[in-house]
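Visitor: Structural data only, the sequence is not supplied:
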């Protein structure tokens with residue numbers, strides 16, 4: 001529909017049609033027949049007064065040639081192409097159409113285009129009274145116009161240029177499996193990355209254009225993968241490849257940076273106890289952080305040792321990806337709560353209060369500079385999609401998304417001059433698997449994939465005789481149920497993102513779930529057949545998965561309070577939520593008797609602790625449970641509380657274990673292959689059936705040579 005401030009006279013319709021033809025004649029649309037057909041269909045139907053016909057099923061048939069029985073739940077082509085169309089329109093108006101009087105947009109959440117008419121610029125014509133007066137007035141007008149223009153340019157970044165516009169893209173690797181965590185030497189002659197080409201993650205190196213790849217670690221480093229930090233790097237002269245390592249046991253003292261000669265040789269310890277580091281541009285100072293609580297950030301000069309950290313985050317928050325800025329005036333870091341409440345900040349190397357640069361409050365990582373003011377980094381969108389490539393002028397601080405399309409990006413690195421970039425372009429896939437566990441302790445059968453109706457499935461939960469899971473289509477997520485081999489959608493919300501995983505009530509009759517929708521988080525309850533969905537809490541900034549109390553009267557969920565999660569109790573039948581625990585606490589699981597609840601404590605380094613509290617909020621003692629590794633926090637009690645199931649292992653490879661909460665006796669339930677990465681799980685009350693969410697990420701390393709602008 002037209003915006004309310006825009007008249008709908010015939011002349012406006014004619015102007016809109018002229019603008020449509022101007023856009024379709026631009027290079028970005030002229031070369032893409034399908035996208036041009038899509039835009040013309042939407043615009044013409046709307047201008048003809050048939051906007052009510054712009055439904056997904058109609059568009060699929062008339063624009064994309066789908067059959068009349070097309071099911072949008074099975075085929076998301078309309079939603080996918082709508083996202084691409086929004087991106088292509090945005091690119092047009094940042095380039096050739098920046099001065100156009102009419103703006104055509106496709107608002108999210110629908111397929112009705114909006115036509116916005118820009119106001120013409122006004123000009124002053126001062127009255128001429130005398131030559132001196134004319135000169136003074138002209139000077140005043142010139143100054144006023146200059147000031148206005150400067151402010152306008154600063155506000156709109158009219159002369160902003162895409163830093164990768166015109167870049168030459170080249171696929172550097174095409175191995176089977178996953179390549180990730182790419183790094184490039186300062187002079188751009190070498191690229192290092194992680195790959196499982198030889199059956200386990202190793203550090204590989206190549207010279208772009210040579211076609212030759214060399215395995216530098218050959219299985220000698222046991223755990224190398226950590227998507228929350230910059231795993232690989234180079235020494236300033238490029239002679240060494242540095243890499244993050246976590247030794248068995250996973251305690252903070254086992255984390256360090258190792259190095260191996262770029263041309264091959266034996267790996268050796270480079271910085272003990274250090275998680276990440278970055279050398280200043282002149283190579284005289286090293287910025288690094290350890291894995292102690294708050295990721296203390298240090299600066300050392302040459303052989304000197306620092307007196308203390310220049311910055312330490314509050315416990316539970318993290319400060320990763322240290323990066324020296326241009327001129328070594330600031331150190332830039334990614335600061336916030338893992339995994340998706342992060343932004344880029346900067347701090348003076350002498351210490352002080354950090355200064356915020358971006359405002360995504362999302363999955364932000366891998367900052368690099370491509371010139372003195374342009375910072376590139378990875379960030380997710382508000383709906384959780386991505387991460388994508390972004391850039392920002394560190395003084396004007398207006399973010400620009402640089403990439404559009406289905407591909408995600410999981411790492412980014414740059415040469416010293418910013419003219420060559422390496423990125424990891426990924427295409428992740430999540431699937432659900434089922435396996436049987438013999439209670440007698442016999443070797444379990446291999447997991448079997450569950451063939452489900454939606455293409456993308458995750459966050460599984462087992463009910464008495466059904467399976468609940470979440471599916472993602474376009475910009476929305478929905479909750480599905482499988483019963484007796486049939487799949488049914490229970491709940492869907494426009495541009496809704498499910499927070500954590502759904503929680504099934506102990507009797508299997510109700511389901512609780514948290515949703516982020518239109519900048520608000522809501523706690524829902526519905527019956528297990530999808531009926532009677534209602535909001536029971538709308539005043540909390542929800543986080544993690546909700547859990548039912550055993551008496552079915554309340555739902556326990558974590559919510560952020562000044563950036564730190566605490567457990568709250570939300571009454572099912574009305575009433576305001578009440579604070580339950582003041583400690584850092586997330587992802588609760590109640591003992592079936594109701595005597596206590598277990599929950600996850602703060603991340604410290606790569607691990608988190610499991611703690612317990614009584615119903616009155618007081619501490620409850622547990623047998624010693626080994627510190628668990630970041631990556632999956634779900635905990636689940638078996639019936640009667642006779643066992644607590646949890647995941648233990650590396651960040652991207654874990655197995656399912658069971659601990660007796662009274663005696664502390666542990667038992668390993670699964671022994672999965674090394675490439676079987678579990679992100680979530682659930683186990684039946686009797687402990688004999690397990691459902692696993694497996695994540696597989698097909699990714700490659702891309703090389704970008706940036707053209708001079």
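Guide: It's in. For clarity, every value in this text was computed on a predicted model and none was experimentally measured. Numbering: from 1, shown residues only.
Visitor: use CA for all of it now, contacts and neighbours both
Guide: Fine.
Visitor: burial measure for residue 663, as a count.
Guide: When counting by other Cα atoms under 10 Å, one arrives at 10 neighbours for residue 663.
Visitor: List the residues that contact it.
Guide: Contact analysis of residue 663 by Cα atoms under 8 Å, 6 or more residues apart in numbering lists residue 623.
Visitor: so where's the chain shaky on pLDDT?
Guide: Low-confidence segments of the chain (pLDDT under 70): 1-11, 31, 119-159, 248-253, 302-305, 383, 439-442, 474, 625-626, 707-709.
Visitor: need the contact list for the most centrally placed residue in the chain.
Guide: Nearest to the geometric centre of the chain sits residue 363, at 3.8 Å (Cα atoms, centre = their mean). By Cα under 8 Å, 6+ apart, the residues touching residue 363 are 339, 340, 341, 342, 343, 378, 379, 380, 387.
Visitor: Of the residues you listed, which is the nearest to residue 564?
Guide: residue 341 (10.7 Å; Cα to Cα).
Visitor: I figured that closest one hits residue 361, correct?
Guide: Yes. Residue 341 is in contact with residue 361 according to Cα atoms under 8 Å; the separation is 4.5 Å.
Visitor: between these two, what contacts are shared?
Guide: Common contact partners of residue 341 and residue 361 (Cα under 8 Å, 6+ apart): none.
Visitor: ok so, going back, adding neighbour count and secondary structure as columns, could you present the contacts of residue 363 in a markdown table?
Guide: Formatted as a markdown table, the contacts of residue 363 follow (neighbours: other Cα atoms under 10 Å; DSSP: H, G, I helix; E, B strand; the rest coil):
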| residue | neighbour count | secondary structure |
| --- | --- | --- |
| 339 | 14 | coil |
| 340 | 15 | coil |
| 341 | 16 | strand |
| 342 | 24 | strand |
| 343 | 22 | strand |
| 378 | 25 | strand |
| 379 | 31 | strand |
| 380 | 22 | coil |
| 387 | 22 | coil |
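Visitor: Take these and lay them out in CSV including distance to residue 218.
Guide: As requested, those are arranged in CSV below (distance: Cα to Cα, whole Å):
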residue, distance to residue 218
339, 30
340, 33
341, 36
342, 34
343, 35
378, 30
379, 32
380, 34
387, 30
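Visitor: and residue 176, how many neighbours does it have?
Guide: Residues contacting residue 176 under the criterion other Cα under 10 Å number 12.
Visitor: can you pull the contacts of it?
Guide: Counting by Cα under 8 Å, 6+ apart, residue 176 touches residue 197.
Visitor: Is it in a helix, a strand, or coil?
Guide: Put simply, residue 176 is coil when judged by DSSP: H, G, I helix; E, B strand; the rest coil.
Visitor: Check the gap between it and residue 220 for me.
Guide: 21 Å (Cα to Cα, to the nearest Å).
Visitor: Can you tell me how far the closest residue in space to the residue nearest to the centre of the chain that isn't next to it in sequence is from residue 604?
Guide: Excluding the flanking residues, the one nearest residue 363 by Cα to Cα, 6 or more residues apart in numbering is residue 340, at 4.3 Å. Between residue 340 and residue 604 the computed distance is 16 Å (Cα to Cα).
Visitor: for residue 12, same thing?
Guide: Look at residue 12 and residue 604: by Cα to Cα, they are 59 Å apart.
Visitor: next structured bit after the helix or strand harbouring residue 525?
Guide: Here residue 525, judged by DSSP states H and E, is contained in strand 520-527. Counting by DSSP H and E, the element after strand 520-527 in chain order, helix or strand, is strand 534-537.
Visitor: Name the strands paired with the helix or strand following that following strand and say parallel or antiparallel.
Guide: Downstream of strand 534-537, the next assigned helix or strand under DSSP H and E is strand 542-548. In the sheet, strand 542-548 lines up against strand 554-561 (antiparallel) (DSSP bridges).
Visitor: Could you check how far the partner strand is from the centre of its chain?
Guide: 22 Å (Cα atoms, centre = their mean, to the nearest Å).
Visitor: now swap in stretch 427-445 and tell me
Guide: Between the centre of stretch 427-445 and the centre of its chain there are 27 Å (Cα atoms, centre = their mean).
Visitor: for the residue nearest to residue 363, what are its contacts?
Guide: Residues in contact with residue 340, defined by Cα under 8 Å, 6+ apart, are 361, 362, 363, 364.
Visitor: With secondary structure added, can I get the residues you listed in CSV?
Guide: Supplementary listing: the contacts of residue 340 in CSV, determined by three-state DSSP:
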residue, secondary structure
361, coil
362, strand
363, coil
364, strand
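Visitor: most surrounded residue in these?
Guide: Taking other Cα under 10 Å as the neighbour criterion, residue 364 ranks highest of the contacts of residue 340 with 28 neighbours.
Visitor: That one bridge partners, please.
Guide: Assigned bridge partners for residue 364, using DSSP bridges, are residue 379.
Visitor: Name all residues that make contact with it.
Guide: 334, 340, 342, 343, 344, 377, 378, 379, 380, 387.
Visitor: Among those residues, which one lies nearest to residue 470?
Guide: Among the contacts of residue 364, and counting by Cα to Cα, the member closest to residue 470 is residue 340, at 18.7 Å.
Visitor: Now the phi/psi pair for the closest one, please.
Guide: When read as degrees, to the nearest 10, the backbone of residue 340 gives phi -140, psi 30.
Visitor: And residue 639, by the same measure?
Guide: When read as degrees, to the nearest 10, the backbone of residue 639 gives phi -60, psi 140.
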